[in-house]
Each structure stands twice: as C-alpha cells, then as structure tokens.
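Enquirer: using only what follows, build the 3D model:
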Amino acid sequence: MPRLSEQLTDKERKILKGISLVGLVLLGLLIITLFFWSRRLDRLSEEALALQSEVDKLAARTEAKLAELQSWQLTQADLAEIKENSFYAGQAGIEAFRQDLSQVFQKAGLPLPPVNYQYEEDQKKEFHRLSASFGLSLSYPLLKRFLYELEAWPKMWLLDQINFQKIDNLSGMVDLRLMVAGFYYEEK
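Expert: Down below sits the predicted model:
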C-alpha cells in the first residue's frame with residue numbers, strides 16, 4: 001500500500017508544506033498571544049486587587065468621617081438644646097433670673113432676703129454672667145434643702161461662693177453669705 005506522501009505530486013507537497021508552515025506559524029502566534037494576554041490579565045488582576053484595597057480603605061475612612069460628622073451633629077444639637085434650656089436669653093433673661101431665684105427660695109421654704117444683683121456687660125463674650133449675692137441665717141437641714149433646690153433647678157446655675165460667717169453649735173443655726181451665678185446671652 002503506497003504512502004500518502006507518495007501519492008501527492010510535487011506541487012501538492014509544496015502546498016501542503018506551505019499550509020503546514022503557515023499553520024505552525026499561526027499556532028506559534030496563538031501561543032505567544034495567549035502567553036501575552038495571560039501576563040496582561042495577571043497584571044490587570046493585581047492592579048484590580050490593589051485598587052479594591054484602596055477602595056476598601058477609602059470606604060472605611062468615609063464611614064469613620066460620617067460617624068464623626070454624626071457625632072458633631074449630635075453635639076451641635078446638644079449645644080443648641082443646652083443654650084435654649086440652660087441659659088437665659090436677652091434682657092428678659094435678667095428678670096427671669098430674678099424670678100427663678102425667688103422661686104428657689106419659695107420651694108426651699110425660705111423667705112427671700114435682700115439680694116444684690118450684678119450683671120456682666122462685656123460685649124466681646126457671647127454669654128454674660130448674672131450674679132446674686134445674699135446672706136442667710138438658717139439651720140443646716142434648711143441649708144441642705146436650699147442647696148438641693150438650687151442644684152435641681154433646670155437652668156444652669158453655679159454656686160460661686162459660700163462664706164460661713166457664724167456657726168452656732170448650740171442652736172444649729174448657720175449664718176452665711178452666698179453668691180449664685182447664672183448666664184444669659186444676647187439674642188442675635
């Protein structure tokens with residue numbers, strides 16, 4: 001049985017060799033191209049991972065900044081609430097301070113003594129100080145009740161000074177001088 005190569009003519013063999021050579025060249029190009037694209041895809045995959053890592057870091061930073069923003073917004077709301085509920089506003093606040101002090105004395109069951117009021121008028125500051133100084137002569141339980149009412153009052157007050165002038169051990173009476181301060185702001 002004759003071989004296939006023996007049945008072909010010289011021209012057919014040359015064509016077959018040419019086709020084989022072109023096929024080998026194309027196969028080589030295909031292998032080189034696949035190798036090139038494989039390397040290119042590996043680099044792109046690495047870049048994508050690096051970029052994904054950066055995106056994750058940015059997302060974490062964004063979440064942290066959003067949490068910080070929410071914290072500042074809550075703080076701002078708290079400050080607005082404190083300003084509205086804990087401080088006196090404007091010139092009407094001065095009269096409200098006097099009335100509140102009178103009510104504290106009433107709640108403590110004490111008569112209102114003569115009170116010396118002082119007002120701070122510094123225009124550079126947003127909050128101004130209101131002070132009331134007065135003398136009291138009372139028992140220790142009444143003093144505790146008065147101080148409780150003062151501290152429990154919804155507006156922000158400070159007990160600036162407490163000067164004990166006389167303590168009578170026999171009767172339990174205490175003579176003292178107090179200075180109480182509150183704050184007001186000018187409405188803008």
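Enquirer: A108 reaches L143, doesn't it?
Expert: No - using C-beta atoms under 8 Å, A108 is not in contact with L143; the gap is 9.1 Å. In short, each C-beta sits where N, CA and C put it, glycine included.
Enquirer: give me the below-cutoff pLDDT ranges for this structure.
Expert: 1-2, 4-5, 122-124, 187-188 (pLDDT under 70).
Enquirer: now the helices for it?
Expert: Along the chain, the segments classed as helices by DSSP state H run 4-7, 10-86, 90-108, 140-152.
Enquirer: which of those sits closest to Y184?
Expert: In terms of C-beta to C-beta, the element of the helices of the chain nearest to Y184 is helix 90-108, at 3.7 Å.
Enquirer: buried stuff in the closest one?
Expert: Buried residues in helix 90-108, counted by 16 or more other C-beta atoms under 10 Å: G93, A96, F97, R98, D100, L101, V104, F105, A108.
Enquirer: now tabulate those residues in JSON lines and tack on distance to V115.
Expert: Output for the buried residues of helix 90-108, formatted as JSON lines (distance: C-beta to C-beta, whole Å):
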{"residue": "G93", "distance to V115": "16"}
{"residue": "A96", "distance to V115": "15"}
{"residue": "F97", "distance to V115": "11"}
{"residue": "R98", "distance to V115": "8"}
{"residue": "D100", "distance to V115": "12"}
{"residue": "L101", "distance to V115": "7"}
{"residue": "V104", "distance to V115": "11"}
{"residue": "F105", "distance to V115": "9"}
{"residue": "A108", "distance to V115": "14"}
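Enquirer: which among those residues gets closest to E68?
Expert: Nearest member of the buried residues of helix 90-108 to E68, counting by C-beta to C-beta, is G93, at 33.9 Å.
Enquirer: show me the beta-bridge partners of V115.
Expert: Applying DSSP bridges to V115 gives these bridge partners: F134.
Enquirer: repeat that for the one 4 residues further on.
Expert: For Y119, the residues forming beta bridges with it (DSSP bridges) are L130.
Enquirer: touching, it and E95? I think so.
Expert: No - taking contacts as C-beta under 8 Å, Y119 lies outside contact range of E95: 11.4 Å.
Enquirer: hang on, the earlier thing: got a markdown table for the helices of the chain, with distance to I162 too?
Expert: Output for the helices of the chain, formatted as a markdown table (distance: least, C-beta to C-beta, whole Å):
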| stretch | distance to I162 |
| --- | --- |
| helix 4-7 | 121 |
| helix 10-86 | 22 |
| helix 90-108 | 15 |
| helix 140-152 | 9 |
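Enquirer: so for G182, which of the ones you listed sits nearest?
Expert: helix 90-108 (5.0 Å).
Enquirer: how is the chain divided into domains?
Expert: 4-82, 88-185 (automatic domain parsing).
Enquirer: which one of these is the most hemmed in?
Expert: Each of those was scored by mean neighbour count; the highest is domain 88-185, a mean of 14, by mean count of other C-beta atoms under 10 Å.
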